[in-house]
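*Asks:* Structure, please.
(one chain, ligands or ions: 1)
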Amino acid sequence: MADVLTIYGDSISGNCHKVRFVAELMKIPYRWIETSVLKKETRTPEFLALNPAGQVPIVTLPDGRVLAQSNAIMLYLAEGSDLIPQDAYARAQVVQWLFWEQYSHETVIAVRRFHKHYLQKADADIDPTLLPRGEKVLGLMNDHLAQRRYFVGERLSLADIALVAYTRFGHEAGFDLAKWPHVQTWVQRIEANLGL
Ligand SMILES: N[C@@H](CCC(=O)N[C@@H](CS)C(=O)NCC(=O)O)C(=O)O
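*Replies:* Numbers count the residues shown, from 1 in each chain. Okay, here's the model as predicted:
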């Protein structure tokens, strides 16, 4: 057992970046154990004993307890901070975006990025629905951000961190963010907030 938070993460994974971003914003000391998906390090018996789902990120707490799912980990680490609004409605709006990110955004942008950029597949060999679905996702975000600086309220929240994790790599998924200028400006703003 370590005496600090341990993050098992893959450096190429936006889901894993989310956890690191929040640990750093919260100034939580942590150690990072690089766990490569491409090298199948999420499939070893040791890793599967920690997360039977065979996915990163996971964290182990100093007392040995394990937590999986990037957005659940962010919620745990950010508990009590301004990254989670106190107002019940605003807080639920953040959670609304976290669910949308996992169901509608990550499953499109992150998946297309993985196939195009990391598996180096030709466009013709990638699920053809991902491109129009990604354009729809980015269009929805662009509309939302037209009059707003952040996804919820007037300040950085977990909604922005979850959504920026893969949006900032949109070009690697084949999406030129210049087509969605409010998204592009917001990505720059959130990256500045995160010190990137
Ligand atoms: N919903 C999960 C998704 C985790 C996920 O898809 N992790 C990928 C890396 S980004 C992974 O470990 N893939 C290996 C696999 O599924 O076999 C989360 O948000 O943490």
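*Asks:* for the protein, what are the low-confidence residue spans?
*Replies:* Residue ranges of the chain with pLDDT under 70: 1.
*Asks:* care to break it down by domain?
*Replies:* Residue ranges for the domains of the chain, per automatic domain parsing: 5-77, 88-193.
*Asks:* Are the longest one and the ligand in contact anywhere?
*Replies:* Pointing back at domain 88-193 there. Yes. Residues of domain 88-193 contacting the ligand under CB under 6 Å from any ligand atom: Gln102. Quick note: C-beta positions are derived from backbone N, CA and C, even for glycine.
*Asks:* From the opening residue of that domain to its closing one, how far?
*Replies:* For domain 88-193, the first and last residues are 24 Å from each other (CA to CA, to the nearest Å).
*Asks:* Now find how far off-centre it is within its chain.
*Replies:* Using CA atoms, centre = their mean, to the nearest Å, the distance from the centre of domain 88-193 to the centre of the chain it belongs to is 9 Å.
*Asks:* What of stretch 33-53?
*Replies:* Using CA atoms, centre = their mean, we find the averaged C-alpha position of stretch 33-53 to lie 19 Å away from the chain's own average C-alpha position.
*Asks:* C-alpha coordinates for it, CSV please?
*Replies:* What follows is stretch 33-53, C-alpha atoms only, in CSV (Å, rounded to 0.1, in the frame of the first residue of the first chain):
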residue,chain,number,x,y,z
ILE,A,33,1.8,4.2,-12.7
GLU,A,34,2.0,4.2,-16.5
THR,A,35,-0.3,1.4,-17.8
SER,A,36,-0.4,1.1,-21.5
VAL,A,37,-3.5,0.0,-23.3
LEU,A,38,-1.6,-0.7,-26.5
LYS,A,39,0.9,-2.9,-24.6
LYS,A,40,-2.1,-4.7,-23.0
GLU,A,41,-0.9,-3.8,-19.5
THR,A,42,-4.6,-3.5,-18.6
ARG,A,43,-5.0,-7.2,-19.2
THR,A,44,-2.5,-8.6,-16.7
PRO,A,45,-3.8,-10.6,-13.8
GLU,A,46,-2.4,-8.0,-11.4
PHE,A,47,-4.3,-5.2,-13.1
LEU,A,48,-7.5,-7.2,-13.5
ALA,A,49,-7.4,-7.9,-9.8
LEU,A,50,-7.7,-4.1,-9.3
ASN,A,51,-10.2,-3.5,-12.1
PRO,A,52,-11.9,-6.5,-13.6
ALA,A,53,-13.2,-4.2,-16.4
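*Asks:* Thanks again, I'm all set now.
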